[in-house]
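A.B. asks: need coordinates for the below:
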Amino acid sequence: MKKSFLIGIPIRDFKNPMSRLSQILTVEQRIELSKNLIINLHNVFNTGETSVYVISNDPQVESFCVTNGIGCFVSTQKGLNKEVTDFLECNSDYKFWSIVHGDLPYITKYFANIWIQLCKSKESVIAESKDMGTPIFGGNKRLNVFSYGEKSFTRHTDMLKEKSIIYERVFHKEFYFELDDEDDYLEFIKHPPRWYKKINIT
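C.D. replies: Just a heads-up that it's a prediction; the model follows:
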């Protein structure tokens with residue numbers, strides 16, 4: 001059966017991930033945490049109708065994906081916005097799409113399915129993180145320009161308005177809570193998701 005839904009998880013590298021947690025976690029702990037976040041996101045979004053890829057130009061990330069049976073898209077472009085655009089343009093035969101940040105810890109299969117159904121039924125669906133970023137973005141209306149970076153949520157929604165694309169903002173914590181800083185991590189370890197309880201990061 002041909003799959004209709006394309007999902008990309010951009011990952012820069014494993015050299016110094018989650019740098020804002022460097023005061024409370026070692027590099028090795030942050031790398032391990034980042035890898036397990038990716039595995040969980042792949043597992044929850046991987047269904048019979050989805051193709052899930054990590055988007056990265058880093059050889060270590062690519063090797064990790066191969067080892068764990070995760071698709072990896074190696075872009076010819078440099079920079080997150082260009083890489084995401086290249087990813088979607090090179091996979092233009094999918095009806096639906098989503099870009100999912102790699103530091104979303106609370107998405108389960110249940111919420112992944114909610115997100116997939118929303119994207120299938122809406123032109124655009126988007127969430128806003130606490131620092132006005134865009135942790136998850138998708139829909140059935142294809143885009144060819146992205147504005148990730150500082151306050152990207154505002155830039156993305158302004159762009160959608162300019163293009164007359166109807167969007168729906170989601171407010172579930174599962175879609176906006178990112179493991180970005182120390183406060184996030186402290187909340188995360190107080191309320192660990194099931195996948196985290198199964199692993200031992202020391």
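A.B. asks: pretty sure Ile7 sits in a strand.
C.D. replies: Yes - using DSSP: H, G, I helix; E, B strand; the rest coil, the secondary structure at Ile7 is a strand.
A.B. asks: for it, which residues are in contact?
C.D. replies: Applying CB atoms under 8 Å, 6 or more residues apart in numbering to Ile7 gives the contacts Phe45, Thr50, Ser51, Val52, Tyr53, Trp97, Ser98, Ile99, Val100, Gly138. No exception for glycine: its C-beta is placed from N, CA and C like everyone else's.
A.B. asks: leaving out chain neighbours, which residue sits closest to the second one?
C.D. replies: Spelled out, it's Thr50. Once flanking residues are discounted, Thr50 sits nearest to Phe5: 4.4 Å by CB to CB, 6 or more residues apart in numbering.
A.B. asks: what of the fourth one?
C.D. replies: What sits nearest to Val52 in space, not counting adjacent residues and going by CB to CB, 6+ apart, is Ile7, at 4.6 Å.
A.B. asks: show me what the one you found is bridged to.
C.D. replies: On the basis of DSSP bridges, Ile7 is bridged to Val52, Ser98.
A.B. asks: ok, which stretches of this protein are strands?
C.D. replies: Remark: strands assigned in the chain by DSSP state E are 5-10, 50-55, 71-73, 96-100, 124-126, 136-139, 167-169.
A.B. asks: let's have the ones you listed in CSV, adding mean pLDDT and distance to Arg155.
C.D. replies: Below are the strands of the chain laid out as CSV (pLDDT from 0 to 100; distance: least, CB to CB, whole Å):
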stretch, mean pLDDT, distance to Arg155
strand 5-10, 98, 16
strand 50-55, 98, 19
strand 71-73, 98, 23
strand 96-100, 98, 14
strand 124-126, 98, 11
strand 136-139, 98, 12
strand 167-169, 98, 13
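A.B. asks: dump the ones you listed to TSV, plus distance to Lys190.
C.D. replies: Output for the strands of the chain, formatted as TSV (distance: least, CB to CB, whole Å):
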stretch	distance to Lys190
strand 5-10	25
strand 50-55	28
strand 71-73	33
strand 96-100	24
strand 124-126	28
strand 136-139	23
strand 167-169	27
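A.B. asks: returning to that earlier point: quick one: which of the contacts of Ile7 is most hemmed in?
C.D. replies: Using other CB atoms under 10 Å as the neighbour criterion, Gly138 leads the contacts of Ile7 with 25 neighbours.
A.B. asks: hmm, back to that, among the strands of the chain, which comes closest to Phe175?
C.D. replies: Among the strands of the chain, strand 136-139 comes nearest to Phe175, with 5.1 Å by CB to CB.
A.B. asks: re the thing from before, of the contacts of Ile7, closest to Asn68?
C.D. replies: Val52 (11.5 Å).
A.B. asks: got a list of what that closest one touches?
C.D. replies: Val52 neighbours (CB under 8 Å, 6+ apart): Ile7, Ile9, Leu41, His42, Phe45, Asn46, Ile70, Gly71.
A.B. asks: low-confidence bits of this structure, can you list those?
C.D. replies: Scanning the chain for pLDDT under 70 picks out 1, 200-202.
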